[in-house]
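In: Okay, predicted coordinates and the sequence, questions at the end:
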Amino acid sequence: MDYSSDVRQRFLEPAMAGVIAPDTGAVVDGAAQDRSLNLWVRFQVRADGATIERVRFQAYGCPHSIAAADRLASELEGQQVDKLKNMDMEALARQIDLPREKFGKLLRIEDALLACHAGLTGTERD
């Protein structure tokens, strides 16, 4: 498969991959998986009130999945917590030139972000 330079770069050197040190304040986790899609993803988010301070992810998946998680993590830092439940997955798919048959992977990634939002706000997932 031919990947864009952005996807290749984010897959080979994901800037936002890793974990948030437990001694840096309260952190919530959100994970999702789909074995039929060969995908597992986990986000960790630390927020100060309504603002996201830090986001890290761990993932097992194809280059598009890793690139999507990395892009989302980088875009979320500094945003309002509600951004976790309002990510535009269609726009992300276009940005990383995601083949339509892989869109289900973005929906699982979105599930992990929604779990983080629920953890930060104490609300049920939509």
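Out: Done, it's in.

In: what's near enough to touch residue 31?
Out: 40, 41, 42, 43, 112, 115 (Cβ atoms under 8 Å, 6 or more residues apart in numbering). In this view, the C-beta of every residue, glycine as well, is placed from N, C-alpha and C.

In: ok, 7 Å please
Out: Neighbouring residues of residue 31 by Cβ atoms under 7 Å, 6 or more residues apart in numbering: 41, 42, 112, 115.

In: what does residue 47 give?
Out: By Cβ under 7 Å, 6+ apart, the contact set of residue 47 is 53, 81, 120.

In: buried subset of those?
Out: Neighbour counting with 16 or more other Cβ atoms under 10 Å marks 81, 120 as buried within those.

In: Using JSON lines, lay out the contacts of residue 47 together with secondary structure.
Out: JSON lines is the format used below for the contacts of residue 47 (DSSP: H, G, I helix; E, B strand; the rest coil):
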{"residue": "53", "secondary structure": "strand"}
{"residue": "81", "secondary structure": "helix"}
{"residue": "120", "secondary structure": "helix"}
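
In: Where does the most centrally placed residue in the chain fall, secondary structure wise?
Out: Computing the C-alpha centroid of the chain and ranking residues by Cα atoms, centre = their mean puts residue 69 first, at 3.9 Å. Element membership of residue 69, judged by DSSP states H and E, is helix 63-76.

In: Quick check: pLDDT value at residue 107.
Out: Looking at residue 107, its pLDDT stands at 97.

In: Spell out the secondary structure type for the closest residue to residue 100 other than its chain neighbours.
Out: Nearest residue to residue 100, sequence neighbours excluded (Cβ to Cβ, 6 or more residues apart in numbering): residue 93, at 8.0 Å. Of the three states, residue 93 takes helix under three-state DSSP.

In: how close does residue 93 get to residue 81?
Out: 24 Å (Cβ to Cβ, to the nearest Å).

In: Same question for residue 60.
Out: 26 Å.

In: Just confirm residue 31 is within a helix.
Out: No: Residue 31 sits outside any helix when classified using three-state DSSP, being strand.
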